[in-house]
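Peer 1: Attaching a predicted model along with its sequence, questions to come.
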Amino acid sequence: MPLLTLHFGAADWLSSLASSSYTWALAIVGIGLVVFVHELGHFLVAKHFGVRVETFSLGFGPRILGFRRGDTEYRVSLVPIGGYVKMAGDNPGDALQGDGSELPNKGVGQRFAIFSAGVAMNLLFAVVVLPIVLAVGVQFHSTRVGAVQPGGPAWLAGIGKGDEVVGVGGHPVVEFNDVIAEVALSGNEGLELELVRARAAVDGAGLRATEKVVVHPEYDSALGRLVIGIGPALAEKPELVRGGAAEAAGITAHDRVVRLDGRFIASVEELQQRMQENRAERVHVGVVGPDGIEREVVVAPGLTEEPICLIGIRPWLNQVKAVRGRAARADFLAPGDELLALERVEATDAVPQPLATIRDADELAAAFDLAAHRAGEETLLLRREGELCRVALPADVDRALAQDVALSSTPSGRRVRLMDGYPAALAGLPDGAEITRVNKYAVSSWNEIKERIEKAAPTEGGAQARAEPVEIVAEIDGTQHVVAVTPRLERLPIDFGLVPSVEMVERSYPFLQAVRVGVTSAGYMIKNVYLTLKKILFGRLSASNLSGILTIAYVSQSLAESGAATLFFFLAVLSLNLAFLNLLPIPVLDGGHLFFLLVEKVKGSPVSEKVMGFSQLVGLVLVLALLLFVTYNDLRRFFS
């Protein structure tokens, strides 16, 4: 029985490396328990029907440890990707003694029961465990929405930060991964989401009203699945990394960060952004402990070993990606418009006077706010289908109107804005220019610009090293500019020791309700496994969403840190995955054996040894190829 499962989330592998050996041991024991339960089903039913069991193994390959009792060797083997029960005569080439204790001597019904017993035990394990852990209480990722991708399906449907998803496609959801899975397994036609709005009114019973919206998922080629462009809500406090820079500075898990270098921190998202922007080797951090008293500590974040070449440019984010709500009703902007500036028209024949440049969403909001406080004679200068034009602003323009306009970079991403005090601005590169060449190499995208600049990094020279000057050719308003820019070398922060974590909620139910919810959840999970494999086979879902033992081990270990109930909930889910996957009609899997037994029942005689042997070989190759593929997926996630 090989181990593999389905993966729709993102794994933070690096944070798990510092975890305690206890939680890793608990995870390994938990995975072993799922395998043991499966193999125990085969073993018990085989013994019940008098079949001689030669080996009961957890894992494959060479034996690590074990013992023999009666006819059976009980062992733990080297390769921890499942397990097996070796019964007398179950391989096509086995020599039969004809003593009645060999598998081929048993009837079709008995052999069918033996081969299906592993799946039955996995189902029983899940049906027993799920109600118990749901009654105790399980930690789940909250279904509250965090980041919303501007212009994405959720944004167009009006879903905002703080909204809580309680149902998708008519199915209730209990954690954020359920939302991801339901979207991935849907079609790209309209999908109904049931929400509790962030500011929903509370009725007399203390319940908040729900609202239904329809989204149209889009396929993300990088993830290989349908998405709606939302992320999970983050916890109010970031997670303290064991042994990290923050802990070394004296910050504890009970502290809340409120300032960075004297500047107030309003949210964990702002803290994350400020940490990423930090360039200092030492940062003054204000934290508030459980006593409510603020104190200051000095954190020395880990920096990259090799310096990074920076010239101080960013792409302009001024092209309209999508409009919604008031902006769509006003019909003054369209997807593809490139916003340039807010202008004021002083008189009919006068040349419009620029009031504000528009380079990103913040500047668009500021421009709308400026227009709202003036006499209403402002227009937007933009480029539409290659031509400059001016459009009148709607009468109800205000700062909030910018929330209904999603901006992105231009298709090439070559138009850049400058950062004050950095080499590009100091060398005279015009703000808003479109870079066409770097060191005589033509560039067609933002990534190519970055790669060419990074090649100026020195390979030796230590602290005294200087980057090589970069020749940049750029165009603006039909004029070409050639400037030489010497990049600044900076080491970027890679370890602040504070990692934003997903908001968690604990869900528990009265025992009888937990039984109902647990059994219902088991059926729902099996259905999702079926839909996942079906979509993979028909090319609607990338096989990159399959995971192997490495991801299973990581997820098990990370959940073990949340408590035994959360770990056992995952093990129940894993057990259901394995039950379904082992029913696939692939030779060497239980489903393959059951398929051949059905053929035998229909034709009245067993499949020939030659056919059986060949099919077992093909099945083994398929399973090994699948294991290699999912291991590749695991490693790809690790290294990315």
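Peer 2: Looks like it arrived, so ask away.

Peer 1: Show me how this structure divides into domains.
Peer 2: The chain breaks down by automatic domain parsing into domains covering 5-137+511-639, 145-232, 239-305+495-499, 309-490.

Peer 1: Which stretch among these approaches residue 505 most closely?
Peer 2: Closest to residue 505 of these, according to CB to CB: domain 145-232, at 8.2 Å. Every residue, glycine included, has its C-beta placed from N, CA and C.

Peer 1: Now stretch 436-455 - C-alpha only, CSV.
Peer 2: Extracted in CSV, the C-alpha atoms of stretch 436-455 (Å, rounded to 0.1, in the frame of the first residue of the first chain):
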residue,chain,number,x,y,z
THR,A,436,14.3,48.6,-23.6
ARG,A,437,17.9,47.5,-23.2
VAL,A,438,20.3,46.6,-20.4
ASN,A,439,24.0,46.4,-21.2
LYS,A,440,23.1,46.2,-24.9
TYR,A,441,20.7,43.3,-24.3
ALA,A,442,17.1,43.8,-25.4
VAL,A,443,14.7,43.2,-22.5
SER,A,444,11.0,42.4,-22.9
SER,A,445,9.8,42.0,-19.3
TRP,A,446,10.4,43.1,-15.8
ASN,A,447,12.0,39.8,-14.9
GLU,A,448,14.5,40.2,-17.7
ILE,A,449,15.4,43.7,-16.5
LYS,A,450,16.1,42.3,-13.0
GLU,A,451,18.1,39.4,-14.2
ARG,A,452,20.4,41.6,-16.4
ILE,A,453,21.0,44.0,-13.5
GLU,A,454,21.7,41.2,-11.0
LYS,A,455,24.5,40.0,-13.4
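
Peer 1: Which residues does that stretch contact?
Peer 2: With contacts defined as CB atoms under 8 Å, 6 or more residues apart in numbering, stretch 436-455 is touched by 308-309, 311, 313, 315, 409, 412-414, 416, 435, 456, 470-475, 487.

Peer 1: and if we set it to 6 Å?
Peer 2: 309, 311, 315, 413, 435, 470-473, 475 (CB atoms under 6 Å, 6 or more residues apart in numbering).

Peer 1: do the same with stretch 539-546
Peer 2: With CB under 6 Å, 6+ apart as the test, stretch 539-546 has contacts from 7, 224-225, 535-536, 630, 633.

Peer 1: hey, which helix is longest across the chain?
Peer 2: helix 609-639 (DSSP state H).

Peer 1: which stretches of this structure have low pLDDT?
Peer 2: Residues of the chain meeting the criterion pLDDT under 70: 1-20, 93, 188, 200-206, 347-350, 375-376, 459-465, 640.

Peer 1: re earlier: closest to residue 255 among the contacts of stretch 539-546?
Peer 2: Closest approach to residue 255 among the contacts of stretch 539-546 (CB to CB): residue 7, at 33.2 Å.

Peer 1: and the residue nearest to residue 609 when sequence neighbours are not counted, how far is that from residue 473?
Peer 2: Spatially, and ignoring its direct neighbours in sequence, residue 609 is nearest to residue 92 (4.6 Å; CB to CB, 6 or more residues apart in numbering). Note on residue 92: its distance to residue 473, by CB to CB, to the nearest Å, is 70 Å.

Peer 1: outside of stretch 281-296, which residues touch it?
Peer 2: Applying CB under 6 Å, 6+ apart, the contact partners of stretch 281-296 are 251, 254-259, 261, 297-300.

Peer 1: one more time with 10 Å
Peer 2: 245-246, 249-252, 254-265, 271, 274-275, 297-301, 303, 491, 493, 496, 498 (CB atoms under 10 Å, 6 or more residues apart in numbering).

Peer 1: Counting neighbours, which bits of that stretch end up buried?
Peer 2: 283, 285-287 (16 or more other CB atoms under 10 Å).

Peer 1: do the same with stretch 190-203
Peer 2: Using 16+ other CB under 10 Å as the test for burial, stretch 190-203 gives 191, 193-197, 200.

Peer 1: Repeat that for stretch 482-493.
Peer 2: Buried, per 16+ other CB under 10 Å, within stretch 482-493: 483, 485-489, 493.

Peer 1: now swap in stretch 508-519 and tell me
Peer 2: Neighbour-count burial for stretch 508-519 [16+ other CB under 10 Å]: 509, 514-515, 517-518.
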